[in-house]
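Q: sequence plus predicted model, see below.
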Amino acid sequence: MTEALQPRPGLRQLRTEIIIVMLLSLGQSAVYSILSIINKLTRPEPLKQQVTRMNTSATPDRPWLDFAYQMANLAFPLMPVVLVLFLLAVHHRPDEGPWRVMGFDLRRPKFDLAWGFGIFAVIGALGLVFYLFATTIGINTQVSPANLAANWWTVPVLILRAIMNGVLEEVVMVGYLFTRWAQRGGRMWVIVVVSAFIRAGYHFYQGFGGFIGNLVMGLAFGWLYLKIKRVMPLVIVHSLLDIVAFLGAPLLPYLMAWMGNLLS
């Protein structure tokens with residue numbers, strides 16, 4: 001913990017700020033995700049026969065309006081990022097400022113890219129194997145990550161959606177949350193666990209595999225952030241994971257069939 005993050009008098013209200021931010025952003029998503037998995041578990045069909053569709057078209061028959069919907073769905077989810085950066089800038093501002101304190105900047109591009117691609121190579125492979133395994137044994141739904149109608153803007157929108165997810169989740173769940181927790185003087189291992197469970201919670205809609213996989217990833221990301229003190233590599237990893245998932249979606253049925261034959 002740097003000197004700038006040492007707890008100072010009058011910081012008790014940060015607990016309220018953290019709760020409000022979580023309820024307005026990914027904590028809210030976790031609640032709805034838990035309700036979603038309850039809905040899926042109480043359906044007559046087994047979990048592995050259900051399909052979870054992501055990135056769907058709003059008006060597939062009107063591409064121009066669908067594009068407008070997709071642009072809105074890219075912009076508004078980033079408002080929590082704007083909010084937390086604003087709060088860090090005006091309320092108990094760290095000495096380094098809101099961007100530098102969490103390493104969400106372009107000061108060390110080679111470092112960030114090296115760590116980002118390196119972590120992606122490990123987590124990406126392990127995550128894919130675990131997803132296929134979880135779906136095959138029946139503890140996860142079949143995730144269909146890309147369901148936009150075919151248009152000239154489909155691939156760029158999916159790539160931007162992946163980057164948006166990376167920025168939103170890592171800046172809020174790691175950069176902001178860990179910074180505020182350190183300012184409050186809390187034990188950092190506690191926020192590593194809390195952040196990981198919230199992350200797992202808002203992926204529960206996918207099934208138990210999504211919950212477990214993201215819990216492990218959240219613990220790993222929290223530990224890595226405490227080591228490297230920069231959130232940018234995590235943004236890169238997350239964006240790459242989602243880009244591969246969204247653009248590689250057509251290959252998933254073949255991989256699942258292969259995994260099924262392997263386990264049979």
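A: Looks like it came in fine.
Q: ok but V143 is inside a strand, no?
A: Yes. According to DSSP: H, G, I helix; E, B strand; the rest coil, V143 belongs to a strand.
Q: do you know how far it is from N55?
A: Distance of V143 to N55, computed by CB to CB, to the nearest Å: 11 Å. In short, each C-beta sits where N, CA and C put it, glycine included.
Q: just the strands in this structure please.
A: In the chain, the strands defined using DSSP state E lie at 51-53, 142-144.
Q: contacts for the first one?
A: In this structure, residues lying in contact with strand 51-53 by CB atoms under 8 Å, 6 or more residues apart in numbering are T141, Q142, V143, S144, N147, Y205, Q206, G207.
Q: one more time with 10 Å
A: Outside strand 51-53, the residues within contact range by CB atoms under 10 Å, 6 or more residues apart in numbering are 36-37, 40, 140-147, 205-207, 210.
Q: show the buried residues in these.
A: If you count burial by 16 or more other CB atoms under 10 Å, the buried members of those come out as 36-37, 40, 140-143, 145-146, 205-207, 210.
Q: my guess is V90 meets P98, correct?
A: Yes. Under the contact definition of CB atoms under 10 Å, V90 touches P98, with a separation of 9.2 Å.
Q: what's the closest non-adjacent residue to G27?
A: I198 (6.1 Å; CB to CB, 6 or more residues apart in numbering).
Q: equivalent analysis for S36, please.
A: Nearest one to S36, counting by CB to CB, 6+ apart, is Y205 at 3.9 Å.
Q: same question for R108.
A: Nearest to R108 is R230, by CB to CB, 6+ apart, at 6.9 Å.
Q: just the helices in the stretch 51-200 of the chain please.
A: 63-75, 79-90, 109-136, 154-170, 177-184, 188-201 (DSSP state H, counting those that start in this stretch).
Q: got a markdown table for these, with distance to P46 too?
A: A markdown table is the format used below for the helices of the stretch 51-200 of the chain (distance: least, CB to CB, whole Å):
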| stretch | distance to P46 |
| --- | --- |
| helix 63-75 | 31 |
| helix 79-90 | 35 |
| helix 109-136 | 11 |
| helix 154-170 | 28 |
| helix 177-184 | 36 |
| helix 188-201 | 22 |
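Q: next one: T42 from V51, what distance?
A: The value you get for T42 to V51, if CB to CB is used, is 17 Å.
Q: ok, back up a step: so what's the residue nearest to S36 up against?
A: 29-30, 32-37, 39-40, 52, 54, 141, 143, 211.
Q: looking at those residues, which are in helices?
A: The helices, defined by DSSP state H, take in S29, A30, Y32, S33, I34, L35, S36, I37, N39, K40, F211 from the contacts of Y205.
Q: now do the contacts for the residue nearest to P60 when sequence neighbours are not counted.
A: For P60, ignoring the flanking residues on the chain, the nearest one in space by CB to CB, 6+ apart is A149 at 3.8 Å. Taking CB under 10 Å, 6+ apart, we find A149 in contact with T56, S57, A58, T59, P60, D61, R62, P63, D66.
Q: got a winner among those residues for most neighbours?
A: Counting neighbours by other CB atoms under 10 Å, D66 leads these with 21 neighbours.
Q: ignoring the adjacent residues along the chain, who's closest to it?
A: Per CB to CB, 6+ apart, closest to D66 is T59, 4.7 Å.
Q: over to A162?
A: Nearest to A162 is D242, by CB to CB, 6+ apart, at 3.4 Å.
Q: what about the closest residue to L160 other than its chain neighbours, distance to L168?
A: Closest residue in space to L160, ignoring its immediate chain neighbours: L74 at 5.5 Å, by CB to CB, 6+ apart. Counting by CB to CB, the separation of L74 from L168 is 10 Å.
Q: so between these two, which is more surrounded?
A: Between L74 and L168, counted using other CB under 10 Å, the more crowded position is L168 (20 against 14).
Q: check what pLDDT the more buried one gets.
A: Predicted confidence (pLDDT) for L168: 98.
Q: spit out the contact partners of the residue nearest the centre of the chain.
A: Closest residue to the average C-alpha location of the chain: E169 at 4.2 Å, with CA atoms, centre = their mean. E169 sits next to 25-26, 29, 77, 80-81, 195, 198-199, 202-203, 214, 218, 221, 234-235, 238, 242 when contact means CB under 10 Å, 6+ apart.
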